[in-house]
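# One predicted model, sequence on top.
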Number of protein chains: 2
Amino acid sequence: MRLSLIGSGKLGQQLYRVFSECAEIELVQWMDRSATETSTAEGISIVKQVEELLEVDCFLLTVNDEVIGMLAAKLPTNSLVIHTSGATEISVFSDHNRRGVFYPIQSFSYERSVAFSELPIGIEASNSKDLKFLEKLALAIQAKPVHLDSAQRKALNLSAVLVNNFSNHLFTEAAQICEENKIPFELLKPLIKETVDKLDDLSPKRAQTGPALREDRKTISAHLSMIENSELKKLYTLFTNSITNHYKNEKL
Amino acid sequence: MRLSLIGSGKLGQQLYRVFSECAEIELVQWMDRSATETSTAEGISIVKQVEELLEVDCFLLTVNDEVIGMLAAKLPTNSLVIHTSGATEISVFSDHNRRGVFYPIQSFSYERSVAFSELPIGIEASNSKDLKFLEKLALAIQAKPVHLDSAQRKALNLSAVLVNNFSNHLFTEAAQICEENKIPFELLKPLIKETVDKLDDLSPKRAQTGPALREDRKTISAHLSMIENSELKKLYTLFTNSITNHYKNEKL
């Protein structure tokens, strides 16, 4: 599989690492606008401009959602073009007949090497031959290809925002409360791990506990009186109502 | 350590298990109102009424917050009385001079055996001798005693609601979106695990990613247009604003 990688953000760097280690993948060029070198430690050629990219079977774009269409318009129209965005439809590639999506269902950081082994990757392509190619590409890096159409991918991307971005923000708010009360945030780690490990045995719906589920108004109002931040107060109330309503019908 | 355990809910059952396995603890009686037997498989005497409890060094109450005070009022006033509630002040024991709190910072389910090894347990007592007793009790079950006063414990309990109850509710909402779009919720598991594993390397504040942080209005409005449930729509908006505001000052 001859391909070139475009973008050197969080995902671009991780894909560079696994692609360059994979015998089945021939990485032709890596476009990295911020590069100071002309080749990587592994000997892959680095370019800074889209015009410097050579024609290859496939271009994989790991750039910001807003520039996918603009960048793709400058790529050879015979090549397969692939983006990695959960929120972007495959139709963003308006100039190309051979289009694809390769969406790793994961959150990437500069600080951590993410394991691609067993990682679900949502794939979509405009023809069955290119879909096979994407399947092969995912399997080459030990990941798990999953067919998702654009609507499903967008729903999954929304779900990912809930489980990752929003949960993490709750951790941030909790860390702040701990700091204000001189409590190490570390004390919450076993609880946070259990919250996730429980999902191996129970659906999240079955795993729910706490004052909102019990409709324990005394604890709820004690908690509300402790929260100074008005946005967090609103979040607490909204969660409490949402949890209560979610389980109300089952109690009747 | 001679003690009797009161309550057979989620926490009561788990504490029964570890106490009955621990050589340093002599479990005298277990009060379980719903019991059909008069002793456990391990030979511990079961009683159904508080009046049947014999006088022991210490009574450990794992009952609902609302009945702690009422139940304690019926216990011998010379004994040490301990509750396990994160949301309840130590002063709930108004008739006893020897009061304590033993608050395991964890979420318990009937379906899962929680490991007490290394689990932080917030302890508080009205005198230093009883505090030592609670320390010894925590260490006997391999847990990690942490001194927390009533205000700190309540702050930690609020934090626990955020990281556990509210995160889990986000998982429930995500599972519902997946179901509606015929996507297996399983696909989100590696992402959920990574959300938590990241905390070993990064503070939650540093680990934040996503459209709200990037102020990516196109994705945010696309997500909002996909959400039908009005409470979830409000939650999405509130989280987005809260995340944006949280990081705003750092960008200036």
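Alright, I've got the coordinates.

# Run through the strands of the stretch 1-150 of chain A in chain order.
For the stretch 1-150 of chain A, the strands defined by DSSP state E, counting those that start in this stretch cover A:2-6, A:26-31, A:45-47, A:58-61, A:80-83, A:99-104, A:120-125, A:144-147.

# what packs against the shortest one?
Contact partners of strand A:45-47 among helices and strands, from 3 or more CB pairs under 8 Å, 6 or more residues apart in numbering or on different chains; DSSP states H and E: strand A:26-31. The C-beta positions use only the backbone N, C-alpha and C, and glycine is treated the same way.

# got a list of contacts for the strand it packs on?
With CB atoms under 8 Å, 6 or more residues apart in numbering or on different chains as the test, strand A:26-31 has contacts from A:1-8, A:16, A:19-20, A:40, A:44-50, A:52-54, A:56.

# Pull out the buried members of those.
The neighbour-count criterion (16 or more other CB atoms under 10 Å in any protein chain shown) marks A:3-8, A:16, A:19-20, A:44-47, A:50, A:53, A:56 among the contacts of strand A:26-31 as buried.

# of those, closest to chain B?
When these are compared for distance to chain B (CB to the nearest CB), residue A:7 comes out closest, at 14.8 Å.

# burial measure for the closest residue to the closest one other than its chain neighbours, as a count.
Distances taken as CB to CB, 6 or more residues apart in numbering or on different chains place residue A:62 nearest to residue A:7, at 3.7 Å, with adjacent residues excluded. Counted with other CB atoms under 10 Å in any protein chain shown, residues neighbouring residue A:62 total 25.

# List the residues that contact residue A:62.
Listed by CB under 8 Å, 6+ apart, the contact set of residue A:62 reads A:5-9, A:11-12, A:15, A:83-84.

# Ok, residue A:203 next?
Listed by CB under 8 Å, 6+ apart, the contact set of residue A:203 reads B:172, B:175, B:185.

# just residue A:56 next, same as before
For residue A:56, the contact set (CB under 8 Å, 6+ apart) comprises A:2-4, A:28-29, A:79.

# any idea how chain A splits into domains?
A:2-148, A:153-251 (automatic domain parsing).

# okay, those domains in JSON lines with distance to residue B:198 and mean pLDDT next?
Output for the domains of chain A, formatted as JSON lines (distance: least, CB to CB, whole Å; pLDDT from 0 to 100):
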{"stretch": "domain A:2-148", "distance to residue B:198": "6", "mean pLDDT": "96"}
{"stretch": "domain A:153-251", "distance to residue B:198": "8", "mean pLDDT": "95"}
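
# Which parts of chain A are helices?
Along chain A, the segments classed as helices by DSSP state H run A:10-20, A:68-72, A:128-140, A:150-160, A:167-180, A:189-197, A:204-207, A:211-214, A:217-226, A:230-251.

# Redo those as JSON lines? Include distance to residue A:109.
Putting the helices of chain A into JSON lines (distance: least, CB to CB, whole Å) gives the following:
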{"stretch": "helix A:10-20", "distance to residue A:109": "6"}
{"stretch": "helix A:68-72", "distance to residue A:109": "22"}
{"stretch": "helix A:128-140", "distance to residue A:109": "21"}
{"stretch": "helix A:150-160", "distance to residue A:109": "15"}
{"stretch": "helix A:167-180", "distance to residue A:109": "11"}
{"stretch": "helix A:189-197", "distance to residue A:109": "17"}
{"stretch": "helix A:204-207", "distance to residue A:109": "24"}
{"stretch": "helix A:211-214", "distance to residue A:109": "31"}
{"stretch": "helix A:217-226", "distance to residue A:109": "31"}
{"stretch": "helix A:230-251", "distance to residue A:109": "24"}
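
# who wins for proximity to residue A:91 among the ones you listed?
Comparing the helices of chain A by their distance to residue A:91 (CB to CB), the top pick is helix A:150-160, with 7.5 Å.

# Quick check, residue A:46 in contact with residue A:34.
No. When contacts are counted by CB atoms under 8 Å, residue A:46 is not listed as touching residue A:34 (10.1 Å).

# Residue B:75 is nearest to which of the helices of chain A?
Nearest of the helices of chain A to residue B:75, taken as CB to CB: helix A:217-226 at 22.1 Å.
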